[in-house]
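Undergrad: no sequence on this one, just coordinates:
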């Protein structure tokens with residue numbers, strides 16, 4: 001019902017910043033709650049942040065808490081993840097995800113996923 005396209009990843013030096021984007025298409029008339037996850041090689045996909053459909057509520061995981069901000073622009077059907085003070089251990093593929101109701105910090109709760117965007121942080 002919704003297609004998600006992640007972008008904005010790249011190579012950045014430690015201490016740098018990146019802003020990821022997730023553009024939604026399809027049933028954008030539905031109020032989607034959105035999240036970001038990440039997955040490093042040989043590790044489980046972990047929760048980064050989530051935002052309610054109207055931007056009124058957010059939750060953050062422990063991995064990037066204090067160093068990232070999730071936001072959205074519903075006029076552009078886009079969700080963002082601003083990441084600051086990046087560390088080499090933040091290197092991972094970052095995925096956005098969507099669900100209809102509420103926001104959760106577990107992968108299984110999300111129904112739709114983007115293709116992922118690679119973030120590499122060099123030391």
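TA: Yep, it's here. Worth saying up front: this structure is predicted, and the values here are computed from it rather than measured.
Undergrad: quick one, strands of this structure?
TA: 2-7, 10-13, 18-26, 33-39, 46-51, 58-60, 68-73, 78-83, 92-99, 112-113, 117-122 (DSSP state E).
Undergrad: Looking at those, which is nearest to residue 106?
TA: With respect to residue 106, and counting by C-beta to C-beta, the nearest of the strands of the chain is strand 46-51 at 6.9 Å. C-beta here means a position set from N, CA and C on the backbone, and glycine is covered the same way.
Undergrad: related to what we said a few turns ago, wait, which of the strands of the chain is closest to residue 105?
TA: Of the strands of the chain, nearest to residue 105 by C-beta to C-beta is strand 46-51, at 4.2 Å.
Undergrad: Adding mean pLDDT and mean neighbour count, write the strands of the chain out as a markdown table.
TA: Formatted as a markdown table, the strands of the chain follow (pLDDT from 0 to 100; neighbours: other C-beta atoms under 10 Å):
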| stretch | mean pLDDT | mean neighbour count |
| --- | --- | --- |
| strand 2-7 | 97 | 18 |
| strand 10-13 | 98 | 13 |
| strand 18-26 | 96 | 19 |
| strand 33-39 | 98 | 24 |
| strand 46-51 | 98 | 23 |
| strand 58-60 | 97 | 16 |
| strand 68-73 | 97 | 18 |
| strand 78-83 | 98 | 22 |
| strand 92-99 | 98 | 23 |
| strand 112-113 | 98 | 18 |
| strand 117-122 | 98 | 17 |
